[in-house]
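Novice: Kindly return the folded structure for what I paste below:
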Amino acid sequence: MDLIEIIKADYQRFPENQTYSIYADDVYFKDPIYDFQGLKKYQDMIAFLKKWFQNLKLELHEINQDGEQINTRWTMSWNSPLPWKPFISVSGRSELKLKDNLIVGHYDYWDKSFWYMVKQHFPFQ
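Specialist: Numbers count the residues shown, from 1 in each chain. Got it, this is the predicted structure:
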(Lines give C-alpha, C1' and ligand atoms only; values in the text may rest on other atoms or scores of the structure.)
Protein backbone atom coordinates (compact mmCIF):
# COMPACT_ATOMS: atom_id res chain seq x y z
CA MET A 1 0.00 0.00 0.00
CA ASP A 2 1.42 3.37 -0.94
CA LEU A 3 1.65 6.41 1.33
CA ILE A 4 -1.39 8.17 -0.19
CA GLU A 5 -3.60 5.13 0.43
CA ILE A 6 -2.32 4.77 4.00
CA ILE A 7 -3.06 8.44 4.73
CA LYS A 8 -6.56 8.13 3.22
CA ALA A 9 -7.27 5.14 5.48
CA ASP A 10 -5.86 6.95 8.54
CA TYR A 11 -8.15 9.95 7.92
CA GLN A 12 -11.18 7.63 7.63
CA ARG A 13 -10.60 6.01 11.02
CA PHE A 14 -9.05 9.01 12.82
CA PRO A 15 -8.16 9.04 15.69
CA GLU A 16 -8.23 5.22 15.95
CA ASN A 17 -5.38 2.95 14.81
CA GLN A 18 -3.21 5.54 13.10
CA THR A 19 -0.25 4.28 11.05
CA TYR A 20 2.64 5.81 12.98
CA SER A 21 5.22 3.84 10.99
CA ILE A 22 4.87 6.35 8.11
CA TYR A 23 6.39 9.09 10.32
CA ALA A 24 10.06 9.68 11.07
CA ASP A 25 11.03 9.38 14.75
CA ASP A 26 11.94 13.07 14.78
CA VAL A 27 8.88 14.28 12.81
CA TYR A 28 8.20 18.00 13.22
CA PHE A 29 4.57 19.04 13.75
CA LYS A 30 3.12 22.56 13.65
CA ASP A 31 -0.42 23.90 13.62
CA PRO A 32 -2.08 27.01 15.13
CA ILE A 33 -2.00 25.39 18.60
CA TYR A 34 0.86 22.89 18.69
CA ASP A 35 4.54 23.17 17.74
CA PHE A 36 6.79 20.22 18.65
CA GLN A 37 9.17 17.57 17.39
CA GLY A 38 9.10 13.82 17.89
CA LEU A 39 6.86 10.87 17.07
CA LYS A 40 6.07 10.21 20.75
CA LYS A 41 4.75 13.76 21.17
CA TYR A 42 2.67 13.33 17.99
CA GLN A 43 1.18 10.12 19.41
CA ASP A 44 0.53 11.88 22.74
CA MET A 45 -1.30 14.72 20.96
CA ILE A 46 -3.63 12.29 19.17
CA ALA A 47 -4.21 10.38 22.43
CA PHE A 48 -5.14 13.70 24.11
CA LEU A 49 -7.63 14.54 21.36
CA LYS A 50 -9.12 11.04 21.55
CA LYS A 51 -9.50 11.22 25.33
CA TRP A 52 -11.05 14.68 25.65
CA PHE A 53 -13.09 15.27 22.50
CA GLN A 54 -16.20 13.32 21.52
CA ASN A 55 -17.33 12.38 17.99
CA LEU A 56 -13.92 13.31 16.60
CA LYS A 57 -13.90 13.09 12.80
CA LEU A 58 -11.36 14.02 10.14
CA GLU A 59 -12.93 14.28 6.70
CA LEU A 60 -10.51 14.23 3.78
CA HIS A 61 -11.59 16.38 0.82
CA GLU A 62 -8.48 16.25 -1.34
CA ILE A 63 -5.05 14.61 -1.39
CA ASN A 64 -2.20 14.83 -3.88
CA GLN A 65 1.53 14.41 -4.02
CA ASP A 66 3.98 16.88 -5.53
CA GLY A 67 7.48 15.44 -5.37
CA GLU A 68 8.56 15.21 -1.74
CA GLN A 69 5.34 16.69 -0.37
CA ILE A 70 1.81 15.39 0.13
CA ASN A 71 -0.94 18.02 0.33
CA THR A 72 -4.34 17.43 1.89
CA ARG A 73 -7.53 19.46 2.43
CA TRP A 74 -9.74 18.40 5.30
CA THR A 75 -12.35 19.27 7.90
CA MET A 76 -11.96 18.17 11.49
CA SER A 77 -14.98 18.24 13.81
CA TRP A 78 -15.80 17.23 17.37
CA ASN A 79 -17.87 17.96 20.44
CA SER A 80 -15.90 19.80 23.10
CA PRO A 81 -15.87 18.57 26.70
CA LEU A 82 -17.86 21.53 28.02
CA PRO A 83 -21.20 20.91 29.76
CA TRP A 84 -23.20 21.99 26.68
CA LYS A 85 -21.00 19.85 24.35
CA PRO A 86 -20.61 22.45 21.57
CA PHE A 87 -20.01 21.14 18.05
CA ILE A 88 -16.74 22.52 16.68
CA SER A 89 -15.57 22.37 13.07
CA VAL A 90 -12.26 23.51 11.59
CA SER A 91 -11.32 23.18 7.93
CA GLY A 92 -7.85 23.55 6.55
CA ARG A 93 -4.97 21.95 4.75
CA SER A 94 -1.84 19.99 5.58
CA GLU A 95 1.59 19.88 4.02
CA LEU A 96 3.37 16.60 4.72
CA LYS A 97 7.09 16.84 3.93
CA LEU A 98 8.72 13.56 2.90
CA LYS A 99 12.20 12.12 3.08
CA ASP A 100 12.98 8.49 2.24
CA ASN A 101 9.21 7.83 1.99
CA LEU A 102 8.64 8.91 5.62
CA ILE A 103 6.81 12.02 6.83
CA VAL A 104 9.43 14.30 8.42
CA GLY A 105 7.28 17.43 8.66
CA HIS A 106 3.54 17.86 9.22
CA TYR A 107 2.27 21.45 8.88
CA ASP A 108 -1.42 22.26 9.37
CA TYR A 109 -3.03 25.52 8.27
CA TRP A 110 -6.57 26.45 9.25
CA ASP A 111 -8.88 28.32 6.87
CA LYS A 112 -10.10 30.56 9.71
CA SER A 113 -8.40 32.03 12.75
CA PHE A 114 -7.82 30.30 16.06
CA TRP A 115 -10.30 32.77 17.60
CA TYR A 116 -13.01 31.71 15.15
CA MET A 117 -12.62 28.16 16.49
CA VAL A 118 -12.71 29.39 20.10
CA LYS A 119 -15.89 31.40 19.46
CA GLN A 120 -17.68 28.24 18.28
CA HIS A 121 -17.59 27.07 21.91
CA PHE A 122 -19.93 29.92 22.92
CA PRO A 123 -22.88 30.02 20.51
CA PHE A 124 -25.01 31.84 23.10
CA GLN A 125 -22.81 34.97 23.11
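Novice: Can you show me the helices along the chain?
Specialist: For the chain, the helices defined by DSSP state H cover 3-13, 39-52, 114-119.
Novice: can you put those in a markdown table and add mean neighbour count and mean pLDDT?
Specialist: Just so you know, the C-beta spots here come from the backbone N, C-alpha and C atoms, and that holds for glycine as well. Output for the helices of the chain, formatted as a markdown table (neighbours: other C-beta atoms under 10 Å; pLDDT from 0 to 100):
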| stretch | mean neighbour count | mean pLDDT |
| --- | --- | --- |
| helix 3-13 | 15 | 97 |
| helix 39-52 | 13 | 96 |
| helix 114-119 | 12 | 90 |
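Novice: want to try CSV for these, with distance to Asn64 as columns?
Specialist: CSV is the format used below for these (distance: least, C-beta to C-beta, whole Å):
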stretch, distance to Asn64
helix 3-13, 8
helix 39-52, 22
helix 114-119, 26
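Novice: closest to Ser89 out of those helices?
Specialist: Across the helices of the chain, Ser89 has its closest neighbour in helix 114-119 (8.5 Å, C-beta to C-beta).
Novice: chain center to that closest one, what's the gap?
Specialist: Averaging C-alpha positions (C-alpha atoms, centre = their mean, to the nearest Å) puts helix 114-119 17 Å from its chain's average.
Novice: residues making contact with it?
Specialist: Pro32, Ile33, Ile88, Val90, Trp110, Gln125 (C-beta atoms under 8 Å, 6 or more residues apart in numbering).
Novice: got a markdown table for the residues you listed, with distance to Gln12, neighbour count and pLDDT too?
Specialist: Converted to a markdown table, these look like this (distance: C-beta to C-beta, whole Å; neighbours: other C-beta atoms under 10 Å; pLDDT from 0 to 100):
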| residue | distance to Gln12 | neighbour count | pLDDT |
| --- | --- | --- | --- |
| Pro32 | 24 | 15 | 95 |
| Ile33 | 23 | 10 | 92 |
| Ile88 | 20 | 19 | 95 |
| Val90 | 18 | 19 | 96 |
| Trp110 | 21 | 16 | 97 |
| Gln125 | 34 | 5 | 57 |
